[in-house]
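S.K.: Coordinates for the following, if possible.
(2 chains)
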Protein chains: 2
Amino acid sequence: MEEHFQSSEKVRDFVIGMSDGLTVPFALAAGLSGAVDQTSIVITAGLAEIAAGSIAMGLGGYLAGRTEIEHYESEERREYDEVENKHEVEIQETKEIFAEYGVSEELQEKIAREMAKNPKKWVDFMMRFELGLERPDNNRAQQSAFIIGISYVIGGLIPLSAYFFASDAQQGLIYSTIITVICLIIFGFIKSKLTGQPLLKGAMRVTMIGVLAAAAAFGIAKAIV
Amino acid sequence: MEEHFQSSEKVRDFVIGMSDGLTVPFALAAGLSGAVDQTSIVITAGLAEIAAGSIAMGLGGYLAGRTEIEHYESEERREYDEVENKHEVEIQETKEIFAEYGVSEELQEKIAREMAKNPKKWVDFMMRFELGLERPDNNRAQQSAFIIGISYVIGGLIPLSAYFFASDAQQGLIYSTIITVICLIIFGFIKSKLTGQPLLKGAMRVTMIGVLAAAAAFGIAKAIV
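M.R.: The predicted model follows:
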């Protein structure tokens, strides 16, 4: 069960990186095709974007994960300190959590005192229910960032590959649009399936973002030249 | 207090969009500067990227927010249904939450029965404590996506502006790097301040991502030409 859950998270990261990778490099290449003829410039810009985007997403995601872990650990130290040195204040805070859900004063008191007997579990409870923090998984954050970064590269190479086989940028744009829209629909479906949203609606949303981004980039580049 | 919180969330969204906007368009422009001489191509590609990136981030964020709301509402309907039709199963699930934190069987039973008297609050409790879902704020998601998108545009225009005043792309790259690194450090500081991490470390992380992304994009573009 745990294994199944882990592997579907990997698939989810793959799909996230892939659908973002399909979107931005596709749109950039489409935009440039409105301004230049040579496929070589489109390909160079596209590859530069893929490098930049995958590092920003991958490394950015990894460091955000590190930050989250440090934040959790510093809050946890503070909770341990409070449980020890401001015991009655923490009891009061615990009671307030239950008061919100309509638990009687008497029962609030009982449950807070009972929880206080096990400081580790009490701190875990306060971390999750007072501060709304889940213990972040260190390995997960690293792995997730890595998978997202790599999938961004793969996703970005799909729209760009069309320009390798085209004689000029305009022809490349046509091929690229066909390939990318098909892939966006497929990945939109998979993404919706994984996040439990209506399949058609979800696939249309993902595709629409890609097409709108490309149209805007194309319009802007066309307007400059 | 509430107002203060709201406005700092807006600042946070601004800083997120801004630091991403500084990173990817900066890196793309740097990469292209390694391959072409004309600033016009760098500027066109940069603006196309800003259009694509801001739409992907802004619209993508907005739709992710909508998806989250739909997911919350569908889970909430299911919890209401379970509270009504699988009452004893839900009582058992509520008890299990408390069992995790070392609450005695007797007290688990009492508190679950007491909570069950108010179905609305009970469902709220299960949404948060069984499923780990916070009620998403509809307006917040829209506003957040809009601010992030706009800040991405502003952030992206900073590294790009250098190329307007440069005679060729290589000179533009030097100006752009100076301006952008200064801005990345400043925004890294603000971001760290807002997320409560060590200021210097946080600022260095943000700056490092930008510089690494630019270096990779530059290296790749240089290698192709």
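
S.K.: The element among helices and strands of chain A having the smallest mean pLDDT: which residues count as buried?
M.R.: Lowest mean confidence among the helices and strands of chain A (mean pLDDT, DSSP states H and E): helix A:2-33, at a mean of 81. Within helix A:2-33, the residues scored as buried using 16 or more other Cβ atoms under 10 Å in any protein chain shown are A:9, A:12-33. (C-beta placed from N, C-alpha, C; glycine too.)

S.K.: so where do the helices sit in chain A?
M.R.: A:2-33, A:39-85, A:87-100, A:105-116, A:119-129, A:138-164, A:169-195, A:199-224 (DSSP state H).

S.K.: what angle separates the shortest one from helix B:87-100?
M.R.: Looking back up the chat, that one is helix A:119-129. Angle of helix A:119-129 versus helix B:87-100, following axes from the mean of the first three to the mean of the last three Cα atoms, to 10 degrees, is 120 degrees.

S.K.: Give me the nearest residue to A:Glu76, chain neighbours excluded.
M.R.: A:Met127 (6.1 Å; Cβ to Cβ, 6 or more residues apart in numbering or on different chains).

S.K.: tell me the contacts of that neighbour?
M.R.: A:72, A:75-76, A:79, A:133, A:135 (Cβ atoms under 8 Å, 6 or more residues apart in numbering or on different chains).

S.K.: out of those, who has the most neighbours?
M.R.: Using other Cβ atoms under 10 Å in any protein chain shown as the neighbour test, the contacts of A:Met127 are led by A:Glu79, with 21 neighbours.

S.K.: Tell me, what's the model's pLDDT at that residue?
M.R.: A:Glu79 is assigned 91 on the pLDDT scale.

S.K.: same thing with A:Ser192?
M.R.: So, for A:Ser192, pLDDT stands at 86.

S.K.: That one touches A:Pro198, doesn't it?
M.R.: Yes. Using Cβ atoms under 8 Å, A:Ser192 is in contact with A:Pro198, at 6.7 Å.

S.K.: Between the two, point out the one with more neighbours.
M.R.: When A:Ser192 and A:Pro198 are compared for neighbours, A:Ser192 comes out ahead with 21 against 13, by other Cβ under 10 Å.

S.K.: List the contacts of the residue nearest to the more buried one when sequence neighbours are not counted.
M.R.: For A:Ser192, ignoring the flanking residues on the chain, the nearest one in space by Cβ to Cβ, 6+ apart is A:Gly202 at 2.7 Å. Contacts for A:Gly202 were tallied using Cβ under 8 Å, 6+ apart; they are A:188-189, A:191-192, A:195, B:67.

S.K.: Recalculate using a threshold of 7 Å.
M.R.: Contacts for A:Gly202 (Cβ atoms under 7 Å, 6 or more residues apart in numbering or on different chains) come out as A:188, A:191-192.

S.K.: and which of these is nearest to A:Thr39?
M.R.: A:Gly188 (27.4 Å; Cβ to Cβ).

S.K.: That closest one - how many residues pack around it?
M.R.: 26.

S.K.: you'd agree it is up against A:Thr207?
M.R.: Yes. A:Gly188 is in contact with A:Thr207 according to Cβ atoms under 7 Å; the separation is 5.6 Å.

S.K.: Could I get the contacts of A:Gly202 in JSON lines, plus columns for distance to B:Ile50?
M.R.: Putting these into JSON lines (distance: Cβ to Cβ, whole Å) gives the following:
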{"residue": "A:Gly188", "distance to B:Ile50": "24"}
{"residue": "A:Lys191", "distance to B:Ile50": "25"}
{"residue": "A:Ser192", "distance to B:Ile50": "28"}
